[in-house]
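Q: curious how this folds, go ahead:
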Amino acid sequence: MINFLLLLFFLWFFKIIKDIFFWLYLWQLKNYHIGRFLAHFKTETGKKLIISWFFILIFALITRFHFNYFILIIYSLYCSYSFINLFLKRFKYPEFTKKALFLFLSTISFFVLVLFFLKEVIFIDKITLLLLLVIDLLIPLFVSLVVLFFQPITIVLRNRVINKARRKRSKLDNLLTIGITGSFGKSSVKEFLKTILSESFKVVSTKDNKNSEMGISEIILKDINENHEIFICEMGAYNKGGIKLLCSIAKPKIGIITGINSQHLATFGSQNNIIQAKFELIDCLPKEGLAVLNWESELVRNGFKRDIANIKYGEDIWAENIEIEKDKVSFKACFKTGKSIKIEANVIGSQNIINLLCAIAVAKKLGMELKEIAIAIKKIKNNNFYSKKNIDIIDFTYSSNPASVLAHLDHLKLWKGKKIIVMPCLIELGKESKNVHKNIGQKIQENCDLAIITTKECFKELKTKKAVFINNPNEVYDMIRANSSFDSVVLLEGRVNEKIINLLKK
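A: Numbers count the residues shown, from 1 in each chain. Reported below is the predicted structural model:
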C-alpha cells in the first residue's frame, strides 16, 4: 500500500509542477496585470478553469465512500496523464525570464515547505488522497498568492530599472524617439517605419510586442547607444496613466496614434478612458513635437484637442489608384502639396495602406526623398503569407483586434477556392463584445465558407451557420483538410493553438 501511495505522490508532484507552469504562464500572458488576469475568468475558457467536474466527482467519492483502490486508481490515472503531458512537453509554460523563474522556484519552495509540515499524515490512506486533492485544487490560489506576495518587491525592482533607463535616456540628447500607440496597427507601423528609416538613419526599435515599461526600459539599457539616431517605440497600456509612464521613460518627440476602438475595454472600463489613455502620448509631447494621427479613425478625430504641429494621415496624405493582390498592395500616395509617388509593398490587405501612409508621412517629414521611401518600402518582408499543399495560409496569430479581424476577412474575397478562418473568440472587449462578434459573424457569412472557432466565449453571438466550434487541434486540422481544395485559403487569426499552425506547416 505504501508503495502505491509513493507512486501516486510521485505522479501528483509532477502534475503540480505542470499546473504551476500553467498558472505562471497565464499570469505572464496577462502581463501580471490583476485586472486582465481576473477578466480571463469571465470567458468560457476561464470558467472551465474554476470548475472541474472531475475534482467534484473524486471529492464526492472520497467523502461518500470508504477509501478504496478504485478511487485511488482513478486519481492516479488522472495524475499519470499530466505526467505524460509534462514529459512530452504538451503543456503551457511561461517564458523563463528572471521574474518567471524566481516565481516558479518560490512556488515550488512553498509547496515543499507545506509537504514538510504535513509529512506525518501524508501516507494515511483516505487522508492522503483528500490532502493531495485539496492541494491540487488550491494550486491557482497558491500561485496567485506567490505572484501577489512578491508584487511589491517586483515594483521596487521594476522602478529601479525604469529610473536607470530614464537616466540613460536623458543623456542621449541626439536620439529622436517616435512613440506609437493605438488600439490596432501599432506593430505594423513600427515595422514599416523601421524598414524605411533604416535607409537613412541608424534606427533601433522595441522588439515583438514588448511595449510595456519593462520592455521599453530594457531596450534603452541594452540595445541603444550614442550612435543611434532614431528610437521607434511601440507603446501599449491597459489603464489610464500607462502611456504617460512610458512617455516619461522614452521621451518621444513624435507621437503616432494609429486608431482607436474598443480593444481592452474590459480593463480600461470605458471608451472615454481608452481615448484619454491613447492621447496621453500627444499630451506628453514637447511644444516642438509632432502629432501624427490616423484621421480615418472617428475616435481619433474626436479626441484630438491639443494645439500642436500635426500630420493627419488620411487627409494630409491619402491613397489613390489602389490595387490589392493576395500578397501585396500598390497605390499612389498623394500629398496636399500636390506631390505623389507610386508605392508597391509586399503586405497583406487594404488595412495596411493607412499604416503605410503613416510611415511615408513620418519619413518624408524627417527629410527622406519620396523615391527613396518607395524603394525602401519594397524591402518590407511579408512574413504572414505562405503556401502548403495547394493551400494559401495567412498567419495573423499575433493579432486579436476587432478591426484587424474584419479587414482580414474582407481580404479573403480575392480567393476563388474555399475560404476558411480559424480563430478564438476575442476577449477583453467588455460590453462591446456581443456587437463585435455579431459584426465578425456577418463578415464570416459574407466572405467565408467555413469558420472554425476554438473558444466558446461569444460563439453564439456570431450568429452564422458557417461557424463551428472545435477546440481539438487534430480535429481542427482534419476539418480544414476536409473542406479545402485548390486555391483555398486559411486565415489564422488571434491566439490559435500552436499545434494547429505546426500541422498546417508540415
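
Q: tell me, how many residues neighbour the closest residue to Val204 other than its chain neighbours?
A: In this structure, Val204 finds its nearest non-sequential neighbour in His228, 5.0 Å apart by Cβ to Cβ, 6 or more residues apart in numbering. (Each C-beta comes from the backbone N, C-alpha and C, glycine too.) His228 has 16 neighbours, counted by other Cβ atoms under 10 Å.

Q: wait, His228 touches Ser205, no?
A: No: between His228 and Ser205 there is no contact under Cβ atoms under 8 Å: 10.2 Å.

Q: rewinding a little: the residue nearest to Val204: which element?
A: Under DSSP states H and E, no helix or strand contains His228.

Q: cool, and the one 10 residues further on?
A: With secondary structure defined by DSSP H and E, Tyr238 is part of neither a helix nor a strand.

Q: report pLDDT for the residue nearest to it when sequence neighbours are not counted.
A: Distances taken as Cβ to Cβ, 6+ apart place Thr267 nearest to Tyr238, at 4.3 Å, with adjacent residues excluded. Thr267 is assigned 75 on the pLDDT scale.

Q: what's the local residue count around Thr267?
A: Thr267, neighbours per other Cβ under 10 Å, totals 21.

Q: quick one, what contacts it?
A: Each residue near Thr267 by Cβ atoms under 8 Å, 6 or more residues apart in numbering is listed here: His33, Gly35, Arg36, Ala39, Tyr238, Asn239, Glu428.

Q: now His40
A: His40 touches Leu26, Lys30, Gly46, Ile427, counting by Cβ under 8 Å, 6+ apart.

Q: export the residues you listed to a markdown table and append columns for neighbour count, secondary structure and pLDDT.
A: Shown next, in a markdown table, are those (neighbours: other Cβ atoms under 10 Å; DSSP: H, G, I helix; E, B strand; the rest coil; pLDDT from 0 to 100):
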| residue | neighbour count | secondary structure | pLDDT |
| --- | --- | --- | --- |
| Leu26 | 19 | helix | 90 |
| Lys30 | 18 | coil | 84 |
| Gly46 | 17 | helix | 73 |
| Ile427 | 22 | coil | 80 |
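
Q: assign the residue nearest the centre of the chain to helix, strand or coil.
A: The centroid of the chain falls nearest to Tyr398 when counting by Cα atoms, centre = their mean (5.7 Å). Here Tyr398 is recorded as coil under DSSP: H, G, I helix; E, B strand; the rest coil.

Q: cool, and Met214?
A: helix.

Q: does Cys425 count as helix, strand or coil?
A: Note that with three-state DSSP, the state of Cys425 is coil.

Q: quick one: low-confidence ranges for the stretch 101-250 of the chain?
A: Low-confidence segments of the stretch 101-250 of the chain, defined by pLDDT under 70: 118-130.

Q: run the last query once more with 80
A: 111, 114-134, 136, 208-209 (pLDDT under 80).

Q: quick one: the helices in it?
A: 125-137, 139-149, 151-171, 186-197, 213-222, 242-250 (DSSP state H, counting those that start in this stretch).

Q: any idea what the spatially closest residue to Ser350 that is not a sequence neighbour is bridged to?
A: Once flanking residues are discounted, Ser350 sits nearest to Ile324: 5.3 Å by Cβ to Cβ, 6+ apart. When assigned by DSSP bridges, Ile324 has beta-bridge partners Val329.

Q: so Ile324 makes contact with Leu414?
A: Yes: counting by Cβ under 8 Å, Leu414 is a contact partner of Ile324 at 7.0 Å.

Q: look up how far Asn163 lies from the residue nearest to Val204.
A: 21 Å (Cβ to Cβ, to the nearest Å).

Q: next one: His40
A: From His40 to Asn163 the distance is 31 Å (Cβ to Cβ).

Q: which of the contacts of His40 lies closest to Gln263?
A: Ile427 (10.0 Å; Cβ to Cβ).

Q: backbone dihedrals for the closest one, both of them.
A: Main-chain dihedrals, Ile427, degrees, to the nearest 10: phi -120, psi 170.

Q: list the contacts of the closest residue to it other than its chain neighbours.
A: Distances taken as Cβ to Cβ, 6+ apart put Thr43 closest to Ile427, at 5.7 Å, once the chain neighbours are dropped. Thr43 is in contact with Cys425, Ile427, Thr455, Glu457, counting by Cβ under 8 Å, 6+ apart.

Q: the residue lying closest to the third one once chain neighbours are set aside and Glu461: what is the separation?
A: What that stands for is Thr455. Sequence neighbours aside, Pro424 is the residue nearest to Thr455 in space, at 4.1 Å (criterion: Cβ to Cβ, 6+ apart). Separation of Pro424 from Glu461 (Cβ to Cβ): 13 Å.

Q: neighbour-wise, which of those two wins?
A: Legend: neighbour count by other Cβ under 10 Å for Pro424 and Glu461, higher for Pro424 (22 against 16).

Q: quick one, what contacts the nearest residue to Ile243 once chain neighbours are set aside?
A: Spatial nearest neighbour of Ile243, excluding adjacent residues (Cβ to Cβ, 6+ apart): Glu280 at 4.0 Å. With Cβ under 8 Å, 6+ apart as the criterion, the residues that contact Glu280 are Lys240, Gly241, Gly242, Ile243, Lys244, Cys247.

Q: quick one: end-to-end distance for stretch 196-209.
A: End-to-end distance for stretch 196-209, by Cα to Cα, to the nearest Å: 20 Å.

Q: buried set for it?
A: The neighbour-count check on stretch 196-209 (16 or more other Cβ atoms under 10 Å) flags Ile196, Leu197, Ser198, Ser200, Phe201, Val203, Val204, Ser205, Thr206 as buried.

Q: possible to save the residues you listed as CSV with distance to Lys371?
A: Converted to CSV, the buried residues of stretch 196-209 look like this (distance: Cβ to Cβ, whole Å):
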residue, distance to Lys371
Ile196, 12
Leu197, 15
Ser198, 16
Ser200, 12
Phe201, 17
Val203, 20
Val204, 25
Ser205, 24
Thr206, 29
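
Q: taking those residues together, which two end up most distant?
A: Maximum pairwise distance among these (Cβ to Cβ): 20.1 Å, between Ser200 and Thr206.

Q: state the distance from the closest residue to Ile180 other than its chain neighbours to Phe21.
A: Nearest residue to Ile180, sequence neighbours excluded (Cβ to Cβ, 6+ apart): Ile256, at 4.5 Å. In this view, Ile256 and Phe21 are 37 Å apart by Cβ to Cβ.

Q: higher neighbour count, the two?
A: Taking other Cβ under 10 Å, Ile256 and Phe21 do not tie; Ile256 has more neighbours (33 against 20).

Q: tell me the first helix or strand C-terminal of the helix or strand hosting that one.
A: Element membership of Ile256, judged by DSSP H and E, is strand 254-257. Going down the chain from strand 254-257, the next helix or strand is helix 265-268, by DSSP H and E.

Q: same for the helix or strand just after that following helix, what does it pack against?
A: Of the helices and strands lying after helix 265-268 in sequence (DSSP H and E), the nearest is helix 271-278. Identification of packing neighbours for helix 271-278 by 3 or more Cβ pairs under 8 Å, 6 or more residues apart in numbering; DSSP states H and E yields helix 242-250, helix 265-268, helix 298-303.

Q: redo those helices as TSV? Include distance to Ser82.
A: Shown next, in TSV, are those (distance: least, Cβ to Cβ, whole Å):
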stretch	distance to Ser82
helix 242-250	37
helix 265-268	31
helix 298-303	46
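
Q: to Val436, which of the ones you listed lies closest?
A: Evaluated over those, closeness to Val436 peaks at helix 265-268, with 9.5 Å, by Cβ to Cβ.
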